[in-house]
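Participant: here is my input; please provide its structure:
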Amino acid sequence: MAAAPSRSRGDYDHLIKLLLIGDSGVGKSCLLLRFSDDTFTTSFITTIGIDFKVRTVELDGKRVKLQIWDTAGQERFRTITTAYYRGAMGILLVYDVTDESSFNNIRNWIRNIEQHASDNVNKILVGNKVDMDAKRVVSTAQGQKLADEYGIKFFETSAKTNQNVEQVFFTIARDIKQRLTETVAAAAEPPTIQISRPDPDQPNPTSRWSSCCNT
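Facilitator: Numbering: from 1, shown residues only. As a prediction, the model looks like this:
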């Protein structure tokens, strides 16, 4: 199993942890390799357990270190991979546009997220392998409809041609950075105390208690 990378704060302003999930064979590892190393191979070995890559990018003038975890899609590794859900700030749900079952299983993956991930985790839906258009069985409209149902953003990608790969990772990273910034700003606001004025039409409870005691 992969060891966590170093967390030195000298070279970045924010650390964002992302998780790639989806059925085996949908191209999660290829998407990660394309984004992290700008390479692609058709003979990629299936991920065993979990792996990670790191890439530091600049977003809105800030250096953001993306720690991206690639999970195995096979059922036998499910216990291992779900252990990483809790620490994820963003999750990319990936399916293969040429494999309808991988698309239908997105709902199961979302249920796993709801069970194991943080409530405020950012999610994004990714339909991969759009370069194989002749074999496509899941339309763009179907992907968008599913994303709209869960209120998440949607992209179609190709790790082979690099279509929308950068956009997917930058979009979810920017959304997370914005959420973190808003959280810090909210925490920095001084607490306010609201003082309500007594209603002259209502009896004073203190007077009523005193009257009772004096009886």
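Participant: ok now do the residue nearest the centre of the chain, which residues does it touch?
Facilitator: Computing the C-alpha centroid of the chain and ranking residues by C-alpha atoms, centre = their mean puts Gly90 first, at 1.9 Å. For Gly90, the contact set (C-beta atoms under 8 Å, 6 or more residues apart in numbering) comprises 16-19, 121-124, 172-173, 175-176. No exception for glycine: its C-beta is placed from N, CA and C like everyone else's.
Participant: quick one: the strands in this protein?
Facilitator: In chain order, the chain shows strands spanning 14-21, 50-59, 62-71, 90-96, 122-128, 153-156, with DSSP state E as the criterion.
Participant: mind checking which of these is nearest Ala134?
Facilitator: strand 90-96 (14.0 Å; C-beta to C-beta).
Participant: circling back: and the residue nearest to the centre of the chain, bridged to which residues?
Facilitator: For Gly90, the residues forming beta bridges with it (DSSP bridges) are Leu18, Asn122.
Participant: can you check the one 4 residues further on too?
Facilitator: In this entry, Val94 is beta-bridged to Val126, by DSSP bridges.
Participant: low-scoring pLDDT stretches of this protein, where are they?
Facilitator: For the chain, residues meeting the criterion pLDDT under 70 lie at 1-10, 43-49, 72-81, 188-215.
Participant: Asp60 touches Thr181, doesn't it?
Facilitator: No. Asp60 is beyond contact range of Thr181, at 9.2 Å (criterion: C-beta atoms under 8 Å).
Participant: need the residues touching each of those two.
Facilitator: Here Asp60 and Thr181 share no contacting residue, scored by C-beta under 8 Å, 6+ apart.
Participant: of the two, which one has the most company?
Facilitator: Shown here are Asp60 and Thr181; by other C-beta atoms under 10 Å, Thr181 has more neighbours (13 against 9).
Participant: run the chain-centre distance for stretch 156-170.
Facilitator: Offset of stretch 156-170 from its chain centre (C-alpha atoms, centre = their mean, to the nearest Å): 16 Å.
Participant: what is the end-to-end distance of that stretch?
Facilitator: Across its full length, stretch 156-170 reaches 14 Å between end residues, using C-alpha to C-alpha, to the nearest Å.
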